[in-house]
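In: Fold the following.
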Amino acid sequence: MNSNVISVSPEESAAFASRLLSRHNIGALPVCSPDGKLRGIVTDRDIVLRCVAAENNPEQTPVREIMSRTVISVEPEDDVRAATRLMAEEQVRRLPVVHGGRVVGMVSLGDMAKNQKFDMEAAKALSEISSNIKRRI
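Out: This is a model prediction of the structure:
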C-alpha cells in the first residue's frame, strides 16, 4: 500500500485533476469531501472519455460530473491476495485503502508487481483484467 495519497475534491476541475495525475505520474485519484470521506474515484480514462471526448471544457467540468461514484475499496488489514482477486473480478488496477470511510492509502497492481512476494498474484490479476477487456471489445 502506498500511504502517500494524492486526492482531489469533487468541486475541482477535470483539468486540475489531470495536472495532478501527470505531476505525480499516477492513473487515478480518490475523490474526497472536505471531511476526508471517499466520494468517488477519477481516472485518466474518465477525464478523456467523459470530459474531453464528450467535448466538455476540462477547465469548467467539475470532477464530480466525471468521477465513478461506486468505488471498490479494501481495508488496511485485508489480505493482499484477496485484493488482487477483487481487482480481477471488478476489472480495476487500483484500489483505495479505506479505514473509517477515509482514504489511508492506495494499492495498485503495479505496486504489487514490484514486490516479489506478490508479483505472481499481480500478474494473474492483470492477465484476467486484460482477457476480460478483450471479450468486451
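
In: just the helices in this structure please.
Out: For the chain, helices defined by DSSP state H occupy the ranges 14-24, 44-47, 80-90, 109-114, 119-136.

In: Which of these comes out lowest on mean pLDDT?
Out: When the helices of the chain are compared by mean pLDDT, helix 119-136 comes last with a mean of 50.

In: center of the protein - which residue?
Out: Nearest residue to the geometric centre of the chain (C-alpha atoms, centre = their mean): residue 28, 4.0 Å.

In: is it true that it touches residue 95?
Out: No. In this structure, residue 28 is not within contact of residue 95 by C-beta atoms under 8 Å, at 9.4 Å. To be clear about C-beta, it is placed using only N, CA and C from the backbone, and glycine gets the same treatment.

In: residues shared between the contacts of the two?
Out: Here residue 28 and residue 95 have residue 106 as joint contacts, going by C-beta atoms under 8 Å, 6 or more residues apart in numbering.

In: List the buried residues in stretch 51-65.
Out: Buried positions in stretch 51-65, judged by neighbour count with 16 or more other C-beta atoms under 10 Å: 51, 52, 58, 61, 62, 63.

In: residues in contact with the fifth one?
Out: So the one you mean is residue 62. Taking C-beta under 8 Å, 6+ apart as the test, what residue 62 contacts is 10, 11, 12, 13, 14.

In: For the spatially most distant residue from the centre of the chain, what are phi and psi?
Out: Going by C-alpha atoms, centre = their mean, the residue of the chain most distant from its centre is residue 55, 23.2 Å out. Torsion angles at residue 55 (phi, psi; degrees, to the nearest 10) stand at phi 60, psi 40.
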